[in-house]
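Chemist: Sequence unavailable; structure follows:
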C-alpha cells in the first residue's frame, strides 16, 4: 500500500502525470473566475516566465548546459513578431510560428558551436551573446526602434472577436504553457531525455561516459538547446503582442539571470520546477510591493532589493536543489541516507 | 583623419580598461581557483572599496587610511559572505552557489543605496598626479595608478601562489581538495582566506579606479559582468589567462569605439570576444584542440 | 529536515496569501489616489529618486492646505526596478489594486514608453516624463507627456553656439539610450535651421568610463563645438576627459551634467575655458533671473521651501517630479471627480488634463487639447555656465 506522499511523488515523477496535468489545467483555467483582475495580470507574467524557464530547465537540468542567454531567444521572438506584424501586417499567429522556427534554426547554429565548449565557458559565451543582442537591437534603430522602443505592436487576434487583452492573453499564455509542459514531460521520457539522463550530467556525470556508451550526446544537446530557444521565442512573441511595446532592456542579461534564478529556485529535476520557480519569484516581488510600504515609508525600492536578495539566499540555503526537492524530502527512505 | 597619436590614444584607453577588467577578473580567479565558486558579488567589493574610500575621504581622513579602512571593511564583508552563506551551503552544486553570491550581491547593492543614496561620487586623482602628454595622446593622471595597481596585484599573486606556504596550500586546495585535506591543510580556512583576499583585491581596485570612472551604489554588477567575461575568455583557471582576457576585452572595446562605425562598437567589441571564445574554447593560453 | 521544509512551506504560504490578498479589488475611500512609478533601484534611480522627493514635497504641501477641494491627495509609490516589464506591472497594480485616478512615472525614456499601451488599455490617465518627442504622436487617448520635447529647447543652445560663438560645425556625442536617440534625431533636424552642420556623431554606453576613443575622433574632425547628450555619469566624465585631453572646443550639454554631484566633482574641468555650457532649469537659477521675469517669484518660493524641508536647493529632476504632481493636482481641481466612482472619475480627470490651458510650471507653460497630449509647450530651459565656483546664467528664452 502506498502512502499519500508516495502517491504524490509518483504522480509528479511523470509516471502518472496525466492526472496531475489535468488537475493543473483545470485549476489554471478557473483562476480568472476567482482571482481579481490584477491576479490575472500577475499570472500572465508567471506564465510567460514559466515557458522560458521550462526551456532553461530542460537545457540545464537534462543537458547539463548552463545558459545566461535565454534573453536572446526571448528577444528574437519578440522582435521578429513585433517587426513583421507592424511592417508587413501578416497574421500574428503565423509570425509567432515563423519566429519560433527561426529562433530554433539560430539555436541549432549557435548550439553546434556551444556544445563543444564546457561548463563555465558556455556561461561566458551566452552572456556575451546576450550583450551583443541588446547592442544590436539598439544599433539597428531603423528596424527595431532602438532603445526608444518598438511601439504599436498589434494584439493577438481571435477571428472577428476582440476579447479583453489581459484575459485573452492569460488563456493563450497558459494554454501554450500547458502544451509545452506536456511536450517537455514527453521529451524528458523520450529517447533524447533518457539518453541525457543516462549520463546524468547534472549529478556530475561525464560526457566521456556517454561517448563510451555510444550516445551521440552532442546531437541531443543541440536538440535540447533548440527546444529551449523555441520555448523562449514563443514566450517572446506572446510577450510582444501582450505588452504592445517592447524595448531592448527587457531582453537583457537581467532577464536571462532572472530566468536562471527561477530555474534554480524551482528545481532542475523536472519541467514542473519552472512553474514553482516563476511563481515563487513573482509572488515574492508582489508580496514585497504589498508589505514594504507598510513597514518603511517613502521610497521602498532599496529595502525591497535587500529583502529580495535575502529571500533568494535563504531559499537556496534551505533548498539548494530548489522547490521541487521538497517532494523528494517527503520520501521517507531518503531521510535515512 | 587617422594619425598615429589617435591610434596611440586608443591603445592607452584599451590598456586602461583592460587593467580594470583584468583586476576584477583576478578577484574572480582567486575565489574560483580555491573553492570552485563563481563569485558574482566580486563587483560589489569593488563598489564597496570605492564608496567606503570616498566616504572616509570626504569625512576628512587622508587617502591612505581611508583606503585601508575601506579594504578592511570589504575584507570583513568577504569573510561574512563565506561564513554565513557559502560555508553552510558548501555541499550544494556549483550553480546553487553562484546564485547564492548573486543574492548577496543584490542585498549589498540595496544596503549601499539606502546608506549612500543614488548619487555618483568621485575622488581627485591620487596625490594630484598630473596628466601626461605623449606624442599627441593623453594619459590621465590616475591611469598609471590603475595600471600599477593591477601589475602589483599580478606580481603579488604570482609570488604568493608560487612562493609562500600559504599560497601553495591554497593552490593545493584548488588542485586536489581531498589530498590537501589528507596532508593537513584546512580547506575551510583556505576557502575563507580566498574570499577575504578577493574582497580586499576588489576594494583596492574600487578605490583606485574611482578618480577615473566615478563610483555609485550600482556599479558592482556591470563590473562583475566585465570581469566575468575577461576571466572566462582568458581561462579562469590561470591567472595569466585572466589578465590576457581582461586586456583583450579592454582593447576590443577601445579599438572598436575608436575605429569602427559609431553606434556599432558595442556589437563589434563583444563580437570579437565571442569569436575568441569559440576558437579558443579552453581559454586564450591553451591552443585549440588541446585538452 | 522536515522541520526546515515545514518552515519553508510556511514562508511560501504566507507569501502566496500576501500575493492573493493584494489581488483584492480597489476599495473606494475619500481621497484622490495618484499612482507614482519611480525608478528607485537599477540604472535609472538617478531619474526616479530625486523626482520622488519633489513629488512628495508638493503632495504634502497640498494636503497641509486642506487637500484639493477638501479631499486629500494620496500618493502610492512603486519601484520600476529598471525594467520595462516591472514598469508596466507596477502601473497595472496601481490601476487594478490601488484604484488610482491617474498615474505618473519618472524613469528612463524607453521604460516610460511601455506605459503608453497600459494607460490606453486600462483607460486610466497616465503621465509619462519621456525625454524624447519621438513618442509625441503615439500617446493615444489616455497618455500625456507634459514636458518639453527636444525641438522646443534645442534652438536655445544651438542658437547660442551659432549666434554668440560663431560655430557652424558641431559634433554630437550621444548616449546609447532612448534619450540619446531622441537627441540625435532632433539635433539633425533642428541644426540646419540654426545654420549649423553636424560633422561628426559618436556614441557612448550609459555605463562607459573611458570616452577617449570617441573624443579623439571628434578632436580629429573639423568640429568647432561638441554637444554632449546624456543622462548619467558618462556625460559628465566626457566633459572632464575632453578637457584633460586638451580639447578646447566649446562644449554644450544636456541638463543632467549640471547636477550638483557632478558639478562638485568636476568643477575644475567645467570651468576650464571655454567654460562648459549646460541646459538647466529656471528654478536653479532664479536669483539671476531678471526682476520682471514672470517665473521668478514662483521659483524663489519653491527654492526656499525646498531648502527648508530637505536642506538643499532643488535639482532639475526634483523640479520635474514636483511639476508632475502640480499638473495632476491642477487637473483634479478642475475635474472634481468622485473618487468612489472610479471609471467615471478617470474619464473626468482625462478630460481635465486635455483642457489644461496656459498652466505655468517650472519647466514650461502647458496648453493641451484632445488631439494634442503633449501640448504647445512654452519651454523655460536656460543656459548656464560655470565660473569661480558658481553657476552663471548665460541665456534664456526671451
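Modeler: Done, it's in. This one's a predicted model, so the numbers in the text were calculated from it and none came from an experiment.
Chemist: Closest residue of the stretch 201-337 of chain A to chain C?
Modeler: Residue nearest to chain C within the stretch 201-337 of chain A: residue A:301 (2.6 Å; C-beta to the nearest C-beta). (C-beta placed from N, C-alpha, C; glycine too.)
Chemist: Could you verify my assumption that that residue touches residue C:37?
Modeler: No - at 10.8 Å, residue A:301 does not count as touching residue C:37 under the criterion of C-beta atoms under 8 Å.
Chemist: Helix or strand: which one has residue B:39?
Modeler: Using DSSP states H and E, residue B:39 is not contained in any helix or strand.
Chemist: Identify the residue spatially nearest to the residue of the stretch 201-337 of chain A closest to chain C, adjacent ones excluded.
Modeler: Leaving out its chain neighbours, the residue that sits closest to residue A:301 by C-beta to C-beta, 6 or more residues apart in numbering or on different chains is residue C:40, at 2.6 Å.
Chemist: ok so, going back, give me the neighbour count for the residue of the stretch 201-337 of chain A closest to chain C.
Modeler: 28 (other C-beta atoms under 10 Å in any protein chain shown).
Chemist: what touches both of residue A:301 and residue C:37?
Modeler: The contact sets of residue A:301 and residue C:37 overlap at residue C:79 (C-beta atoms under 8 Å, 6 or more residues apart in numbering or on different chains).
Chemist: In chain C, mark out all the helices, start to finish.
Modeler: Ranges of helices within chain C are C:2-21, C:45-64, C:84-96, C:109-113, C:115-121, C:150-153, C:155-159, C:178-190, C:212-219, C:233-244, C:260-271, C:296-310, C:316-335, C:342-354, based on DSSP state H.
Chemist: Would you mind putting those helices into TSV with mean neighbour count, mean pLDDT and distance to chain A alongside?
Modeler: Shown next, in TSV, are the helices of chain C (neighbours: other C-beta atoms under 10 Å in any protein chain shown; pLDDT from 0 to 100; distance: least, C-beta to the nearest C-beta, whole Å):
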stretch	mean neighbour count	mean pLDDT	distance to chain A
helix C:2-21	14	50	4
helix C:45-64	23	93	5
helix C:84-96	26	94	4
helix C:109-113	30	91	4
helix C:115-121	24	93	4
helix C:150-153	21	90	12
helix C:155-159	21	93	22
helix C:178-190	22	93	4
helix C:212-219	26	94	15
helix C:233-244	25	94	14
helix C:260-271	19	91	18
helix C:296-310	15	93	12
helix C:316-335	24	93	12
helix C:342-354	20	95	12
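Chemist: which stretches of chain A have low pLDDT?
Modeler: For chain A, the stretches with pLDDT under 70 are A:1-17, A:160-163, A:198-215, A:297-298, A:328-337.
Chemist: got the buried residues for the helix ranked longest in it?
Modeler: Assignment by DSSP H gives helix A:217-243 as the longest helix of chain A. Residues A:217, A:220-243 are the ones in helix A:217-243 that count as buried (16 or more other C-beta atoms under 10 Å in any protein chain shown).
Chemist: circling back to that earlier point, what's the residue of the stretch 201-337 of chain A closest to chain C in contact with, if anything?
Modeler: The contact partners of residue A:301, taken as C-beta under 8 Å, 6+ apart, are B:113, C:38, C:40-41, C:45, C:48-49, C:79, C:81.
Chemist: now do 7 Å
Modeler: C:40-41, C:79 (C-beta atoms under 7 Å, 6 or more residues apart in numbering or on different chains).
Chemist: By neighbours, which of these wins?
Modeler: residue C:79 (31 neighbours).
Chemist: neighbours around residue B:127, how many?
Modeler: Counted with other C-beta under 10 Å, residues neighbouring residue B:127 total 9.
Chemist: out of everything not next to it in sequence, what's closest to it?
Modeler: Nearest residue to residue B:127, sequence neighbours excluded (C-beta to C-beta, 6+ apart): residue B:63, at 7.5 Å.
Chemist: is it true that the one you found touches residue B:56?
Modeler: No - when contacts are counted by C-beta atoms under 7 Å, residue B:63 is not listed as touching residue B:56 (9.1 Å).
Chemist: now the helices of chain C as CSV including distance to residue A:63?
Modeler: Below are those laid out as CSV (distance: least, C-beta to C-beta, whole Å):
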stretch, distance to residue A:63
helix C:2-21, 28
helix C:45-64, 38
helix C:84-96, 27
helix C:109-113, 34
helix C:115-121, 37
helix C:150-153, 49
helix C:155-159, 55
helix C:178-190, 37
helix C:212-219, 40
helix C:233-244, 40
helix C:260-271, 48
helix C:296-310, 55
helix C:316-335, 47
helix C:342-354, 50
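Chemist: Up against chain B, what does chain C have?
Modeler: Contact residues, chain C versus chain B (C-beta under 7 Å from any C-beta of the partner chain): C:41-43, C:45-46, C:49, C:201-203, C:205, C:207, C:209-210, C:212-214, C:216-217, C:220-221, C:233, C:237, C:244-246, C:261, C:265.
Chemist: which parts of chain B sit against chain C?
Modeler: Within chain B, the positions lying close to chain C (C-beta under 7 Å from any C-beta) are B:1, B:6, B:9-10, B:13, B:16-17, B:113, B:118-120, B:122, B:131, B:138, B:140, B:212-214, B:218, B:222, B:254, B:257-258, B:262-263, B:266.
Chemist: Tell me the residues of chain B that contact chain A?
Modeler: Chain B comes close to chain A at residues B:38, B:85, B:88-89, B:92-93, B:95-96, B:99-100, B:103-104, B:106-107, B:109-111, B:113-114, B:225, B:228-229, B:232-233, B:236, B:263-264, B:266-267, B:270-271, B:273-274, B:277-278, B:281, as judged by C-beta under 7 Å from any C-beta.
Chemist: mind running it again at 6 Å?
Modeler: For chain B, the contact set with chain A under C-beta under 6 Å from any C-beta of the partner chain comprises B:85, B:88-89, B:92, B:96, B:99-100, B:103, B:106-107, B:110-111, B:113-114, B:229, B:232, B:263-264, B:266-267, B:270-271, B:273-274, B:277-278, B:281.
Chemist: Mind checking which of the residues you listed are buried?
Modeler: Using 16+ other C-beta under 10 Å, the buried ones in these are B:85, B:89, B:92, B:96, B:99-100, B:103, B:106-107, B:110-111, B:113-114, B:229, B:232, B:263-264, B:266-267, B:270-271, B:273-274, B:277-278, B:281.
Chemist: Narrow the residues you listed to those in helices?
Modeler: Counted as lying in helices by DSSP H, out of these, are B:96, B:99-100, B:103, B:106-107, B:110-111, B:113-114, B:229, B:232, B:266-267, B:270-271, B:273-274, B:277-278.
Chemist: Quick one: the helices in chain B, in order.
Modeler: Counting by DSSP H, the segments of chain B that form helices are B:4-35, B:42-58, B:63-80, B:94-116, B:143-163, B:165-175, B:177-182, B:187-213, B:220-234, B:239-259, B:265-279.
Chemist: follow-up on the earlier one: nearest to chain A among the contacts of residue A:301?
Modeler: Nearest to chain A out of the contacts of residue A:301 is residue C:40 (C-beta to the nearest C-beta; 2.6 Å).
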